[in-house]
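Participant: generate coordinates for the sequence data below:
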Amino acid sequence: MRKFLPLFLLLLFVGAAQLLSHFKPVSAKRDTPPTPLITVEALTIKPHDYRVVISSFGRVRPRTEGELVAQVSGQIIEVSPNFRDGGFFEAGETLITIDPRDYNIQVDIAAAELANAKVGLDEQQALADQAKKDRAALKRQGLASDYALRKPQLAAAQSQIDAARAKLAQARLAVERTRVKAPYAGRILSRSVDQGVVVSTNQALAKIYATDRVEVRLPLKSSELAYIDLPEQFRNERDQQQEGTPVRVINSLGSSTEDWSARLVRTAGAIDEQSQQLYVTAQIDDPYSVKQADLRPLKIGQFVTAEIEGRKLTNAITIPNAAIYQGSYVYLFKEGLLQRTAIHIAWQNSDEALISSGLKEGDQLVLTPLGQVSSGTPVKLLGEEKIAHAKQAKNRSTDKVPATDASQSN
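Facilitator: Residues are numbered from 1 along each chain as shown. Presented below is the predicted three-dimensional model:
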């Protein structure tokens with residue numbers, strides 16, 4: 001009996017193990033939850049009419065400017081109240097008066113010389129008249145020459161009168177130039193002299209500019225030239241007054257921005273070698289008129305931004321810049337999947353881009369920022385999620401109706 005005891009214990013242990021394994025509780029299998037889909041917002045592409053507006057910037061500068069120069073020397077004895085930095089003046093206004101006394105003396109001297117020359121001419125004329133009377137006698141003697149008739153002497157006397165008249169005119173011109181007058185209606189940019197200063201001929205007195213117009217020089221990229229009407233001119237073409245392309249000049253100097261109306265009037269004669277940009281000139285008419293009193297005056301040298309009205313395009317496709325990745329591709333929503341699509345940008349501003357290829361009408365452009373997502377990733381539209389929730393809510397409310405009716409019938 002003892003011989004079979006180990007075998008009996010082994011069989012008992014194996015049987016107990018099998019019995020325990022048979023009644024071991026089975027753990028419930030848990031399904032792995034599906035990966036949640038990315039919810040994206042999409043925009044359906046629709047071609048439309050689009051007006052291109054090109055943004056640029058530049059510095060305000062005068063259309064006409066120059067230096068006011070003394071044409072005679074002397075001491076400044078009087079200056080106009082408008083002869084100050086920023087002062088306005090009218091065309092022909094006397095801004096500076098130089099002491100004219102020396103030049104008045106020269107006028108008197110020249111006038112006296114002219115009077116003497118006239119006396120000399122009268123004397124020669126009297127002698128010539130007498131020579132004509134004696135002409136018959138001179139002919140008999142063979143002496144009736146031009147010299148004997150006083151013709152050379154008369155010519156010399158007339159030349160002296162002409163020289164004296166020219167000298168008098170020059171002296172009077174010098175007196176006139178002692179009054180330095182404005183060549184046009186304008187403004188003082190900066191002055192270099194004041195009352196009491198002795199100036200020399202050709203000395204600069206002030207820098208001035210005309211106030212009838214100011215200009216802004218605006219750079220344009222080569223990609224923008226196809227979308228704007230440039231005011232090009234050609235050789236032997238008559239200067240015709242045509243309305244240039246409208247420009248909105250924005251003055252941001254101060255606490256608020258103000259708009260000025262301008263127009264393109266000309267282009268530069270060459271492309272800038274450094275930037276490879278073309279400069280165009282926008283002109284603002286009468287910027288300092290009292291009619292513009294409700295606007296802050298434009299300051300020479302200040303920076304302004306400009307919006308140039310471009311051409312109107314038909315069937316254009318524009319998309320937000322935020323939907324473009326690395327400037328070359330976008331994501332489209334197609335049948336529940338993301339599709340990476342290459343595009344070509346024809347023109348772009350700070351907010352949107354004009355697409356020339358890669359998109360067509362009806363495409364659903366993904367607007368949600370995605371980062372680096374693989375093409376083919378399953379996604380769902382933001383609108384579809386709302387529709388699904390609405391359908392579920394409607395179905396639940398519909399399922400409850402029969403139960404309510406049954407309870408009422410009972």
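
Participant: buried ones in the biggest helix by length in the chain?
Facilitator: Looking only at the chain and at elements set by DSSP state H, the helix with the highest residue count is helix 101-133. Residues of helix 101-133 classed as buried by neighbour count (16 or more other CB atoms under 10 Å): 103, 106-107, 110-111, 113-114, 117, 120-121, 124, 131. Where C-beta positions appear, they are placed from N, C-alpha and C, glycine not excepted.

Participant: which of those residues lies closest to Gln302?
Facilitator: Out of those, the one with the shortest distance to Gln302 is Tyr103. That distance is 42.2 Å, counting by CB to CB.

Participant: tell me how far the closest one lies from Ser73.
Facilitator: To Ser73, Tyr103 is 10 Å away according to CB to CB, to the nearest Å.

Participant: give the residues shared as contacts by those two.
Facilitator: Listed as contacting both Tyr103 and Ser73 by CB atoms under 8 Å, 6 or more residues apart in numbering is no residue at all.

Participant: contacts for stretch 69-89, please.
Facilitator: If you take CB under 8 Å, 6+ apart as the criterion, stretch 69-89 is touched by 93-100, 102-103, 174, 177-178, 180, 182, 185-191, 193-206, 208, 211, 288.

Participant: now pLDDT and distance to Leu68 too, for the buried residues of helix 101-133, in CSV please.
Facilitator: What follows is those, written out as CSV (pLDDT from 0 to 100; distance: CB to CB, whole Å):
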residue, pLDDT, distance to Leu68
Tyr103, 96, 19
Gln106, 95, 24
Val107, 96, 24
Ala110, 94, 27
Ala111, 94, 30
Glu113, 91, 33
Leu114, 91, 33
Ala117, 87, 37
Gly120, 80, 42
Leu121, 78, 42
Gln124, 74, 47
Ala131, 66, 56
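
Participant: quick check: which ranges of this protein have low pLDDT?
Facilitator: Where the chain drops to pLDDT under 70, the residues are 1-36, 128, 130-150, 235-242, 383-410.

Participant: start to end distance for stretch 326-336?
Facilitator: For stretch 326-336, the separation between the terminal residues is 24 Å (CA to CA, to the nearest Å).

Participant: same check, this time on stretch 56-72
Facilitator: When the termini of stretch 56-72 are compared using CA to CA, they are 45 Å apart.

Participant: pull out the buried positions in that stretch.
Facilitator: Using 16+ other CB under 10 Å as the burial criterion, the residues of stretch 56-72 that qualify are 56, 58, 60, 62-63, 66, 68, 70, 72.

Participant: got those residues as a markdown table, with secondary structure and distance to Leu154 columns?
Facilitator: Listed next are the buried residues of stretch 56-72 as a markdown table, based on DSSP: H, G, I helix; E, B strand; the rest coil; distance: CB to CB, whole Å:
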| residue | secondary structure | distance to Leu154 |
| --- | --- | --- |
| Ser56 | strand | 72 |
| Gly58 | strand | 67 |
| Val60 | strand | 64 |
| Pro62 | strand | 56 |
| Arg63 | coil | 55 |
| Gly66 | strand | 48 |
| Leu68 | strand | 46 |
| Ala70 | coil | 42 |
| Val72 | coil | 36 |
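
Participant: and of those, the nearest to Gln372?
Facilitator: Ser56 (34.7 Å).

Participant: contacting residues for the closest one?
Facilitator: Contacts here follow CB under 8 Å, 6+ apart; on that basis Ser56 touches 218-220, 305-308.

Participant: type out the PyMOL command that picks the buried ones from these.
Facilitator: Below is the selection syntax for PyMOL that covers the buried ones among those, with 16+ other CB under 10 Å defining burial:
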select buried, resi 218+220+305+306+307+308
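
Participant: taking the contacts of Ser56 one by one, which sit in strands?
Facilitator: Of the contacts of Ser56, the ones assigned to strands by DSSP state E are 218-220, 305-308.

Participant: wait, what's in contact with Thr281?
Facilitator: Contacts of Thr281 were listed using CB under 8 Å, 6+ apart, and they are 215-218, 264-268.

Participant: how far off centre is the helix or strand harbouring it?
Facilitator: Using DSSP states H and E, Thr281 sits in strand 278-285. Taking CA atoms, centre = their mean, to the nearest Å, one finds strand 278-285 lying 7 Å from the centre of the chain it belongs to.

Participant: perfect, I'm done here.
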